[in-house]
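Q: missing the sequence, but the structure's below:
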Ligand SMILES: Nc1ncnc2c1ncn2[C@@H]1O[C@H](COP(=O)(O)OP(=O)(O)OP(=O)(O)O)[C@@H](O)[C@H]1O
């Protein structure tokens, strides 16, 4: 469940002005249903999980930008090991996000569970994380005034409900 909470309260909330709270990212979320991807499909979408496509790294694996054959931009989280904890992360994420559709929640696009590979596919969020805007690399570029900060907090709370 830890992962679920990180995804909702610190991970991937979207708010009205387009910024995601915590470690999440910004914008472009149109809700769709999810589907099962093949490993080959995801490998080809991410140019073989190339370093150039790497968006970042979380507790359970690396996240890669990709483009599907039908032109959809995706973020693919490739779990690094098949520990019980990682299996749990995968199951909870797919189970919970697969059921939820909310404008302030990152949408699950699908997953892949081929042999010992576990990958989770999300909408790609192009504007990086709120954390990077609050404390990181973009903190000096984008000035988040209190009005925007309050909107973000309200949007995050709405997503949690
Ligand atoms: N949907 C996405 N679109 C764009 N970038 C993303 C997306 N999801 C994740 N990322 C990038 O990948 C990084 C790692 O994401 P990930 O969800 O694995 O980790 P986390 O939320 O920081 O930590 P944890 O694994 O503990 O939940 C993020 O910080 C972000 O930069």
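A: Right, received. Where do you want to start? For clarity, every value in this text was computed on a predicted model and none was experimentally measured. Numbers count the residues shown, from 1 in each chain.

Q: in this protein, which spans are helices?
A: Ranges of helices within the chain are 2-5, 39-45, 84-99, 130-134, 146-160, based on DSSP state H.

Q: for residue 116, the count of nearby residues, please.
A: Neighbours of residue 116 under the rule other CB atoms under 10 Å: 8. C-beta here means a position set from N, CA and C on the backbone, and glycine is covered the same way.

Q: output the lowest mean pLDDT helix or strand found in the protein.
A: Across the helices and strands of the chain, mean pLDDT, DSSP states H and E gives its lowest value to helix 2-5, namely a mean of 30.

Q: between the helices of the chain, which gets the lowest average pLDDT?
A: Note on those: helix 2-5 shows the lowest mean pLDDT, a mean of 30.

Q: what residues are bridge-paired with the most centrally placed residue in the chain?
A: Central residue of the chain (CA atoms, centre = their mean): residue 122, 5.4 Å from the mean position. Residue 122 has these beta-bridge partners by DSSP bridges: residue 75, residue 108.

Q: from the ligand, how far out is it?
A: 4 Å (CB to the nearest ligand atom, to the nearest Å).

Q: check contacts around that residue.
A: 12, 74-77, 97, 106-109 (CB atoms under 8 Å, 6 or more residues apart in numbering).

Q: just residue 141 next, same as before
A: Per CB under 8 Å, 6+ apart, neighbours of residue 141: none.

Q: just give the nearest non-adjacent residue to residue 37, would you?
A: residue 112 (4.6 Å; CB to CB, 6 or more residues apart in numbering).

Q: dig out what that neighbour forms beta bridges with.
A: residue 119.

Q: the chain should start at 743 in everything you say after this.
A: Happy to do that; since the first residue is 743 now, the last one works out to residue 854.

Q: ok, it touching residue 821?
A: No. Taking contacts as CB atoms under 8 Å, residue 854 lies outside contact range of residue 821: 10.3 Å.

Q: I appreciate the help and will end here.
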